[in-house]
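> this one's structure only:
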């Protein structure tokens, strides 16, 4: 594990870390924000999974999340969205597949499986890695944006003992039912759709009797709303532990995220207390 | 005046505007943030002047300022840092001179004077331009970062009837006494230093008997602190209306700005009320 940078922000420390990932078989980069409370002892942690084309950096520089993390005394772990430089043919040809678009799945196809193990990376390798920091592994929540909102929902729902609460901005609600998701799951899991529902929040919610508390915010002026995101698929399930807010006039960008990230961190902090 | 983009953030509207500048003799771009209160009537306004290499965009995406502007019901005007595409020889050769480095002066040398009229641009052309928005021209303050902190101090001090309060992050406290400033003033104003003190905050503060309220924040881990910024020059003047805070461990970046911009906007809002 190598420290790339360390900078003070919001009275805490924003680190960028590089490490050799065993499961992704390449060097991975992530952001780690430690609030000032971490100087006195282990703090709870929120994972933030980013969306298509993003790196670890977008949320670190654009969301204004650190001040809320300090307010609530939680650490933020902000991983990258895929392996990089894997050398897989075509990995850089398409902005919603391959580099920057790992979809938080464990790929099973010959083409991608050697590196694209983002599900295991997030759920197993990263928690082990961040044991090096003053973080309480028993108090952990997960959130994300767009593709990362899909990732947060899927990972959170499949690991209820590991993540106390889940939230998402503008998530891909059902990759099985949208073009981005269909392309990605076909490539990473293959055309046999038997394994696809395990990576589909809508399908998982149908079979989860009592999920953790879930908060979703979705902008109504989001260009991807109808074709790709489809929040009504989740809303229609009437999950008792779900709060889903449609926000008039907001789009898909970090302007939207920065407007509500305080509420999301506050939501998680309540469940991590 | 042409609207380049409009996006909802923090319950307000972040606009990017392009216009033909008469005094800079080129197309200029700026950000205009209107809080939701502007829908009901004119709101006070804070100008934010950016630093070397920045455009109008850095503060818009990285400072997290909009939520505080909404909290206090103030508009934010975030201009560019220089003319662009002026076609002046060497304008792009050096990151601290020419493009991205207008230093908020009215150039008088033959080489630069046809376009580099940033002092007039900020103090006269922009206020006229933004009359198109629901902004109260009688309630106006100014702030900035680094070169823009210099700009805010100089412009504010020279126009006390126009700007009620001044604040700066990591300002160039005396361009006459630092390499960046000496290079810039030599180029823009020429080697005769008679006109230089009018663009030097330290010199202006020496001859200003009762300046507006001034707030300065400076990170102590700022790489430019000793050679370029020199806040002690201002601190040594013991200005009664000045609050200057040295912040341990903070650097020169937007991480620093985002950590304290809430306090700066709150400071201005108090004086604009």
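Received the coordinates, thanks. What you see is a predicted model; the values in this text were computed from it and never measured. Numbers count the residues shown, from 1 in each chain, chains lettered A, B, ... in the order given.

> can you list the residues of chain A near chain B?
Within chain A, the positions adjacent to chain B are A:7-11, A:14, A:61-62, A:64, A:66-67, A:219, A:221, A:249-251, A:253-256, A:258-259, A:262 by C-beta under 8 Å from any C-beta of the partner chain. Every C-beta, even on glycine, is put in place using the N, C-alpha and C of the backbone.

> residue nearest the centroid of chain A?
Central residue of chain A (C-alpha atoms, centre = their mean): residue A:49, 2.1 Å from the mean position.

> May I have the phi/psi pair for that one?
For residue A:49, the backbone dihedrals are phi -100, psi 130 (criterion: degrees, to the nearest 10).

> quick revisit: I'd like to know which of the residues of chain A next to chain B are buried.
A:7-11, A:14, A:61-62, A:64, A:66-67, A:219, A:250-251, A:253-256, A:258-259, A:262 (16 or more other C-beta atoms under 10 Å in any protein chain shown).

> Go ahead and confirm residue A:115 touches residue A:26.
Yes: taking contacts as C-beta atoms under 8 Å, residue A:115 lies within contact range of residue A:26: 5.9 Å.

> Return the distance of the residue in the stretch 101-250 of chain A positioned nearest to chain B relative to residue B:264.
The nearest approach of the stretch 101-250 of chain A to chain B comes at residue A:249, 4.4 Å away (C-beta to the nearest C-beta). Remark: distance between residue A:249 and residue B:264 (C-beta to C-beta, to the nearest Å) = 27 Å.

> Next: residue A:9.
The value you get for residue A:9 to residue B:264, if C-beta to C-beta is used, is 16 Å.

> What's the mean pLDDT across the longest helix seen in chain A?
Longest among the helix segments of chain A by residue count, using DSSP state H, is helix A:254-272. Averaging pLDDT along helix A:254-272 gives 98.

> mind checking how far that helix is from the chain centre?
14 Å (C-alpha atoms, centre = their mean, to the nearest Å).

> what's the closest non-adjacent residue to the residue in the stretch 51-200 of chain A that chain B sits nearest to?
Taking C-beta to the nearest C-beta, chain B has its nearest neighbour within the stretch 51-200 of chain A at residue A:64, 3.4 Å off. Leaving out its chain neighbours, the residue that sits closest to residue A:64 by C-beta to C-beta, 6 or more residues apart in numbering or on different chains is residue B:64, at 3.4 Å.

> That neighbour - that's part of a strand, no?
No: Residue B:64 is assigned coil when assessed by DSSP: H, G, I helix; E, B strand; the rest coil, not a strand.

> can you tell me which residues contact it?
A:64, A:67, A:258, B:258, B:261 (C-beta atoms under 8 Å, 6 or more residues apart in numbering or on different chains).

> Pop out the phi and psi values for it.
phi 60, psi 30.

> distance of it from residue B:137?
As judged by C-beta to C-beta, residue B:64 and residue B:137 stand 26 Å apart.

> What of residue A:205?
53 Å.

> before we move on, what about residue A:224?
From residue A:224 to residue B:137 the distance is 40 Å (C-beta to C-beta).

> Need the outlier residue of chain A, farthest from its centre.
Ranked by distance from the centre of chain A (C-alpha atoms, centre = their mean), the top residue is residue A:40, with 27.5 Å.

> Report the separation between that one and chain B.
To chain B, residue A:40 is 17 Å away according to C-beta to the nearest C-beta, to the nearest Å.

> residues contacting that residue?
Taking C-beta under 8 Å, 6+ apart, one finds nothing in contact with residue A:40.

> With the one 3 residues further on instead?
The neighbours of residue A:43, taking C-beta under 8 Å, 6+ apart as the test, are A:34-35, A:37, A:73-75, A:134-136.

> For those, give me JSON lines that also has secondary structure and neighbour count.
Formatted as JSON lines, those follow (DSSP: H, G, I helix; E, B strand; the rest coil; neighbours: other C-beta atoms under 10 Å in any protein chain shown):
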{"residue": "A:34", "secondary structure": "strand", "neighbour count": "23"}
{"residue": "A:35", "secondary structure": "coil", "neighbour count": "23"}
{"residue": "A:37", "secondary structure": "helix", "neighbour count": "19"}
{"residue": "A:73", "secondary structure": "coil", "neighbour count": "18"}
{"residue": "A:74", "secondary structure": "coil", "neighbour count": "28"}
{"residue": "A:75", "secondary structure": "strand", "neighbour count": "26"}
{"residue": "A:134", "secondary structure": "coil", "neighbour count": "15"}
{"residue": "A:135", "secondary structure": "strand", "neighbour count": "21"}
{"residue": "A:136", "secondary structure": "strand", "neighbour count": "15"}
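
> Make TSV from those residues and add pLDDT to it.
Formatted as TSV, those follow (pLDDT from 0 to 100):
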residue	pLDDT
A:34	98
A:35	98
A:37	98
A:73	98
A:74	98
A:75	98
A:134	98
A:135	97
A:136	97
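
> For the nearest residue to residue A:112 once chain neighbours are set aside, which residues are in contact?
Here the nearest residue to residue A:112 in space, its sequence neighbours aside, is residue A:188; by C-beta to C-beta, 6+ apart that works out to 5.2 Å. Neighbouring residues of residue A:188 by C-beta under 8 Å, 6+ apart: A:103, A:105, A:107-109, A:112, A:116.

> So residue A:188, which state does it fall into?
At residue A:188 the chain is in helix, as set by three-state DSSP.

> follow-up on the earlier one: who touches both of residue A:115 and residue A:26?
Shared contacts of residue A:115 and residue A:26 (C-beta under 8 Å, 6+ apart): A:83, A:86.
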